[in-house]
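[1] For reference, the sequence and a predicted model appear below.
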Amino acid sequence: MNKMEMLALRRKALSARIARQRLDLSMEAAALMPAFKAADKGISFLRFLKAHPVIPAAAAAAFFILRPRRAFGLGKRMWFFWRIYRNARNRLAA
């Protein structure tokens with residue numbers, strides 16, 4: 001076997017190894033996609049709040065104007081109805 005044939009065999013083996021590593025990496029990355037999507041949503045939410053600073057200011061003002069217990073009660077009710085809306089939207093979209 002001459003040197004060119006050895007290099008060709010080595011190149012073929014390395015190409016197969018690279019393909020196997022790419023497949024392994026894609027499978028591992030797929031397992032992390034939900035975490036990446038959650039992080040992206042969080043960053044998008046923070047960017048939204050940065051672009052609309054009136055929303056957190058209004059929430060803070062409502063918290064201080066209302067009594068804290070009342071504000072938390074109102075927040076819990078709003079969260080409950082938001083979850084109902086989100087679940088209904090997701091079920092209708094599916």
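    That came in fine, so what should we check first? Residues are numbered from 1 along each chain as shown.
[2] and the spatially most central residue of the chain, what element?
    Nearest to the geometric centre of the chain sits K37, at 1.7 Å (C-alpha atoms, centre = their mean). Taking DSSP states H and E as the definition, one finds K37 inside helix 3-51.
[3] How much space separates M1 from A16?
    Computed with C-beta to C-beta, to the nearest Å, the distance linking M1 and A16 is 19 Å. (Each C-beta comes from the backbone N, C-alpha and C, glycine too.)
[4] More neighbours: these two, which one.
    Under the criterion of other C-beta atoms under 10 Å, the comparison of M1 against A16 puts A16 first, with 10 against 7.
[5] That one: what's it in contact with?
    Shown in contact with A16 (C-beta atoms under 8 Å, 6 or more residues apart in numbering): no residues.
[6] Could you tell me how far it is located from K3?
    In terms of C-beta to C-beta, A16 sits 21 Å off from K3.
[7] ok, now F81?
    F81 is 74 Å from K3, by C-beta to C-beta.
[8] Comparing the two, which shows the higher neighbour count?
    Per other C-beta under 10 Å, whichever of F81 and K3 has more neighbours is F81, with 10 against 7.
[9] Now H52, what are its backbone angles?
    phi -130, psi 70 (degrees, to the nearest 10).
[10] okay, it: pLDDT?
    Note for H52: predicted pLDDT of 92.
[11] neighbours around it, how many?
    11.
[12] hang on, the earlier thing: right, and the helix or strand after the helix holding K37?
    helix 54-65.
[13] For whatever helix or strand comes next after that next one, name the packing helices and strands.
    Counting by DSSP H and E, the next helix or strand C-terminal to helix 54-65 is helix 68-93. Applying 3 or more C-beta pairs under 8 Å, 6 or more residues apart in numbering; DSSP states H and E, one finds that helix 68-93 makes contact with helix 54-65.
[14] Nice, that's everything, thank you.
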